[in-house]
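A.B. asks: below are the sequence and a predicted model for it; my questions follow.
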Amino acid sequence: MGELSMAEQTLWIERLFKRMGLHYGAAFTQKWLGVASIDMKEHWANELSGFTGEAIARALKSLDSHEFPPSVPEFKTLCKSFQKSPELPKLDILPMSAEDASAALKNLRAVTGIEMNNGDPCFDKDHNDYKKWARDIIKLWDEGKYRTRVGYRLACEALHLTPKPAPYKFIKEY
């Protein structure tokens, strides 16, 4: 009810409680037995802040098919289902010249430090080898300098190799 004034919030809460009292009768009033009416209404108003009057009205109307009165979280869920998402402004995609694209890419490289070749940051520009990472991991594993078994298994899988058991010194340290 954040979009509503304080007077409108009070009016909605009064309408909500009147409608639920008429619809559910004693089931509604017994549910809140022992809670001061003013406190309960204030709590509901706080919990429903942010919903539009339309969402609350539609949620209230949907209660016609419910046999039991809702709790605050249940009613909030109903309101969420009827709350319209805010309209996002449409962005115009402006065409970019080849020179502007080149300048933007150069700026991206300078900011991120990533050198991209063929538009792919994982591309090894020196060797044109997409599986160099896997060979490096396996080499380090064989030298006893790589400990992550999952990474090693992924590297073996990428190169279609059968993984070797972990070196004894790794097992001993775990």
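C.D. replies: All right, it came through fine.
A.B. asks: from here on, contacts and neighbour counts on C-alpha atoms
C.D. replies: Will do.
A.B. asks: residue nearest the centroid of this structure?
C.D. replies: Ser85 (15.5 Å; Cα atoms, centre = their mean).
A.B. asks: burial measure for Gly34, as a count.
C.D. replies: 8 (other Cα atoms under 10 Å).
A.B. asks: doesn't it belong to a helix?
C.D. replies: No: counting by DSSP: H, G, I helix; E, B strand; the rest coil, Gly34 is not part of a helix but coil.
A.B. asks: just use 784 as the starting number from now, easier for me
C.D. replies: Will do, 784 is the new start, and the previous item becomes Gly817.
A.B. asks: give me the pLDDT for the residue nearest to the centre of the chain.
C.D. replies: Predicted confidence (pLDDT) at Ser868: the value is 76.
A.B. asks: what about the helices in this protein?
C.D. replies: 789-807, 809-814, 820-830, 836-845, 855-865, 881-895, 915-925, 932-941, 951-956 (DSSP state H).
A.B. asks: relative to Asp875, which of these is closest?
C.D. replies: helix 881-895 (16.9 Å; Cα to Cα).
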